Structures are given as C-alpha cells and as structure tokens.
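In: any chance you could fold what I've pasted below:
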Amino acid sequence: MKKCLVSVFLVLCLSLTLAVSAWAVETNEQVVSEEQYQEYVEIAKSVCQEYGMEYGEDVSVCPISEVTKVYTPEEYRAEVEEFCEVISSLQNPITTYASGDSNSNPSAGGNGTKNLTVNSPYNVDGGYFLWTLHARAVIGGGGPYYYTSATMEESVLIRRPSNAYTCVYAAPRLKSSTSTTRVFTQAVTIKKNGVAVTATPHTLTAQLSLNTSTGVVTLRNHE
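Out: Take a look at the predicted model:
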C-alpha cells in the first residue's frame, strides 16, 4: 500500500512538471523570428506607400508577440493589402439608413425620445464591411422643437471581411453643437489579428439634425 502511494505521488509530480514546462513553452515561444518580423514590417511599409498611407501613423504591424503564424512574403503582402483596403474604404463612407420602426431614421415627428440608427456599408476585396451607429435624441417643445438631450449610444461592427477583424472602442464625445445639430465622434482602433493594426484610431462620426418645425431628427454617419 505504501509503495502504491509513493508511485501515485511520483506520477503526480511528473505530470505537474510536464504541465509547467508545456505552459512555459506555450507562453514564451515566439512564432516568427526577429528577421521574419522585420521583413513583415518592410512589406507593410511598402504596401502603405502604395495606398497613400503613412506606416506608423495610419497602419502598423501587430506586435511580434501577437503574430500567430508564419507567412510567406506573398501571403503577408496579401493580408496587409486587404487590411489597407478596408482602412482606406473607411475614409469614403457610403450612407444608407437602417430599416426599422418609425423611430429608426429619420425619426417620427413631434417631441419625445428618438432612437436612431444609420448603416455604413463598405465593399472591399475579400468581403463585406458594415458598421451600425446608434444615437438617441430627446426632443421637447412644439414649433419650434428643441433638443432636451442627445447622445451617441454606440457603434457596432456587424459585418466584416473575416473573423480576424476586431475593434476597440473609445467613449463617444460631443464634437460640436448648434440649435439644430449635435455632432459626436468615437475613436475606434481596428485590428486584423496577427497581421496589422491602425496606428491612429479611426474616427466614426454621428451627426444628428433636427427639423425645428416638425420635430423630425435625422442621423448621418458623417458631417
């Protein structure tokens, strides 16, 4: 019985040692070499130049610790080209209104709370890219109507070229305000996991426009 307990103890110790070793390899192992990573950087610089972008200001290679696979130069160029295509398309939005009830966009007239959405689709090589912006306005009065409050609720990436694309959103902020408009902006960092990231956050814009005669509010995704 004693020998059996000792054997079990030794097996447990060996298993723990192997688990710790595997964890160390998993957490410390670098997928690409420094030389390969620098080659990726040079490729990204070349692609940025082709798209009229500044490397380090518009687009950067992901940190070496986030590169999850080894690409050939041709493969990596194709990945960065797609990313730059997506980022470039965001500078030229196409506005379409989201479907919904009478409080979608433009809103119903009169006073009260207006829940607004606006879609911005982008067709890029490799897939479809779509954001939805959400905003809310509370309107008071009755000819003229006026803003009681207005907010940009959130921005949601609902379609993307692939699941590799992820975003980090900053809090929306009020950019400008008049009696009929409210303009909000939100900074968004866009990443293609393991490939590249926007060095400077992209800015989404939500402009609410109030018709003071009818109380109708319209949301646009750019000024």
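In: pick out the residue nearest the middle of the protein.
Out: By C-alpha atoms, centre = their mean, the mean C-alpha position of the chain lies nearest to Cys167, the distance being 2.8 Å.
In: for that one, give the beta-bridge partners.
Out: Ile190 (DSSP bridges).
In: one more: Val217?
Out: Here Val217, judged by DSSP bridges, has bridge partners Leu210.
In: secondary structure element holding Ile139?
Out: Assigned by DSSP states H and E, Ile139 falls within strand 127-141.
In: pull up the pairing partners for that strand, direction included.
Out: Here strand 127-141 is paired, per DSSP bridges, with strand 112-124 (antiparallel), strand 145-159 (antiparallel).
In: so which bits of the longest one are buried?
Out: Buried residues in strand 145-159, defined by neighbour count with 16 or more other C-beta atoms under 10 Å: 145, 147, 150-152, 155. All C-beta spots, glycine's among them, are computed from the backbone N, C-alpha and C.
In: which residues in the chain form helices?
Out: Shown for the chain, the helices assigned by DSSP state H span residues 2-28, 34-50, 73-89.
In: tell me how far the second one lies from the chain's centre.
Out: Remark: helix 34-50 is offset 23 Å from the chain centroid, using C-alpha atoms, centre = their mean, to the nearest Å.
In: counting neighbours, which bits of that helix end up buried?
Out: For helix 34-50, the neighbour count (16+ other C-beta under 10 Å) marks 36-37, 40, 43-45, 47-48 as buried.
In: state the mean pLDDT of the strand holding Ile139.
Out: The predicted model gives strand 127-141 an average pLDDT of 84.
In: which positions within it qualify as buried?
Out: In strand 127-141, counting by 16+ other C-beta under 10 Å, buried: 129-137, 139.
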